[in-house]
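*Asks:* Pasting the sequence and the predicted model now:
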Amino acid sequence: MTSPAAQQINAIHAMLAAGHRNLRVERPSLLIWGLPAGLLFALSPHIFTPEQLPDLQQRALAWLALLVVVVISAASIDRVWTGRAKAARDEAWSFVHRQVQKVWWLLMALAVLTTFAMFFYGGGYMLYAVWLVMLGLSLYLHGLFSEELLEWTGIATIFIGIGSLVAQLPHETMRWIAAAVFGLGLPLLAMMLDRGQHRPFIFRLAQLSLWLALVLATPLVIERHLSALPPIEAEPLSLADFRSGQAPVSGYRALTLPAGTPVPVDIELDGDIFRSGDARLSLPLVLDRPVELLMLDGKPTGDARFGGESWQSARQVRWLTIPWIKADLTPDSGPVVFTSLIVKIRQH
């Protein structure tokens, strides 16, 4: 039987833990932030597409307006809901809770502004990683003053964002992971909150493993299912026959581009210091390995394969990376700035 002194000591420890972690995350708050963001990530390829808004600036402003509306709406609803929940429990807003909530809003606002800036300065491949890192920082900071589980999932979310970049995952895969973390991970996290109770390490590890299994396995299965191509029986078509126009091209055909085939890449530069006619050039690139392009009724479908491998959709393969851009001033040529651009085109 536990002695009265031991009971008093345990009660004191519980009071100290409650004082250290005096914040309380309302379960609906995680749903308010997670579900709209997850839905937005899942449907983003169909919102404000280049076909709908060809102008880049208009498309960027449209996305900025949409994200601002979503973030402000989520912050306002969360604020009102949390205030009503505190009032029902006869609690007051603590100073720490107000400051932590402001930091959460600031990190979400930074993610919105980063998204807007990527339309003009590039880096779109890192878009979903930025949102995941910002969310992870928000969860970790909140968890420092509320619940241990938020700390664990916050760190895991940060590593998911950074790890997706290190692993060079396809852009579509990263999109589905971000959608799952927000749309599925935050609601699941709301169900697992235990009001700041101290749990054994094994218990927290089991919770984190379950959470990671949902937010990583689910998007990978969805992405694989959506990107999977049915078995296609495509008759081979040589480049010479295709150019001659004499071979029938109806149905599926596998157009073979042999190694050594020149593939000119047209580049058009736009700006207020170049004449439009002088800002076009063509790179005379040559294939180093044979490539097969899938054709349907004479038009490419966007799918390709190498050496008899499975067909891959163009949206699942990252072909182009620009790791380095350098500007040099050449005095011998007058006041002209020559830009050195290193571009890597490869299969990832």
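*Replies:* Yes, it's here.
*Asks:* What is the burial count for Ala179?
*Replies:* 25 (other CB atoms under 10 Å). Every C-beta, even on glycine, is put in place using the N, C-alpha and C of the backbone.
*Asks:* Quick check: buried residues in stretch 72-79?
*Replies:* Buried residues in stretch 72-79, counted by 16 or more other CB atoms under 10 Å: Ala74, Ala75, Asp78.
*Asks:* Distance to Ala254 and pLDDT for these - can I get that in JSON lines?
*Replies:* Formatted as JSON lines, the buried residues of stretch 72-79 follow (distance: CB to CB, whole Å; pLDDT from 0 to 100):
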{"residue": "Ala74", "distance to Ala254": "48", "pLDDT": "95"}
{"residue": "Ala75", "distance to Ala254": "52", "pLDDT": "94"}
{"residue": "Asp78", "distance to Ala254": "53", "pLDDT": "92"}
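*Asks:* which one among the residues you listed gets closest to Phe203?
*Replies:* Using CB to CB, Asp78 comes nearest to Phe203 of the buried residues of stretch 72-79, at 28.0 Å.
*Asks:* can you tell me which residues contact that closest one?
*Replies:* By CB atoms under 8 Å, 6 or more residues apart in numbering, the residues touching Asp78 are Glu26, Ser29, Ile32, Trp33.
*Asks:* Three-state assignment for the residue lying closest to the last one once chain neighbours are set aside, please.
*Replies:* It stands for Trp33. Excluding its sequence neighbours, the residue lying closest to Trp33 (CB to CB, 6 or more residues apart in numbering) is Ala74, at 5.2 Å. At Ala74 the chain is in helix, as set by DSSP: H, G, I helix; E, B strand; the rest coil.
*Asks:* shaky segments in the stretch 51-200 of the chain?
*Replies:* Counting by pLDDT under 70, the stretch 51-200 of the chain shows low-confidence ranges at 196.
*Asks:* quick one: the helices in it?
*Replies:* Along the stretch 51-200 of the chain, counting by DSSP state H, counting those that start in this stretch, helices occupy 56-88, 95-121, 127-145, 148-166, 171-180, 186-192.
*Asks:* tilt between the third one and helix 95-121?
*Replies:* Put simply, helix 127-145 runs at 170 degrees to helix 95-121, going by axes from the mean of the first three to the mean of the last three CA atoms, to 10 degrees.
*Asks:* name the helices or strands packed onto helix 127-145?
*Replies:* On a contact count with 3 or more CB pairs under 8 Å, 6 or more residues apart in numbering; DSSP states H and E, helix 127-145 meets helix 27-43, helix 95-121, helix 148-166, helix 171-180.
*Asks:* quick one: the second one to chain centroid distance?
*Replies:* It refers to helix 95-121. 16 Å (CA atoms, centre = their mean, to the nearest Å).
*Asks:* can you check the last one too?
*Replies:* Relative to the mean C-alpha coordinate of its chain, helix 171-180 is positioned 5 Å out (CA atoms, centre = their mean).
*Asks:* before we move on, back to that, and which of the contacts of Asp78 is nearest Gly143?
*Replies:* Ser29 (13.4 Å).
*Asks:* Check what pLDDT the closest one gets.
*Replies:* We have a pLDDT of 91 for Ser29.
*Asks:* Nearest to the spatial middle of this protein, which residue is it?
*Replies:* Geometric centre of the chain, nearest residue: Tyr128, 1.9 Å, by CA atoms, centre = their mean.
*Asks:* Might one say that that residue is in contact with Phe41?
*Replies:* Yes. Here Tyr128 reaches Phe41: they are 7.1 Å apart, a contact under CB atoms under 8 Å.
*Asks:* Helix 171-180 and whatever helix or strand Arg224 lives in, what's the angle between them?
*Replies:* Take DSSP states H and E as the rule and Arg224 turns out to sit in helix 218-227. Angle of helix 218-227 versus helix 171-180, following the same axes, to 10 degrees, is 140 degrees.
*Asks:* Which elements pack onto helix 218-227?
*Replies:* Going by 3+ CB pairs under 8 Å, 6+ apart, helix 218-227 lies up against helix 171-180.
*Asks:* Please export the C-alpha coordinates of the helix it packs on as CSV.
*Replies:* The C-alpha coordinates for helix 171-180 follow below in CSV (Å, rounded to 0.1, in the frame of the first residue of the first chain):
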residue,chain,number,x,y,z
HIS,A,171,6.8,16.5,-56.4
GLU,A,172,3.6,14.6,-56.5
THR,A,173,4.7,12.3,-53.7
MET,A,174,5.6,15.2,-51.5
ARG,A,175,2.2,16.8,-52.2
TRP,A,176,0.3,13.8,-51.0
ILE,A,177,2.6,13.5,-48.0
ALA,A,178,1.8,17.1,-47.0
ALA,A,179,-1.9,16.5,-47.6
ALA,A,180,-1.8,13.4,-45.4
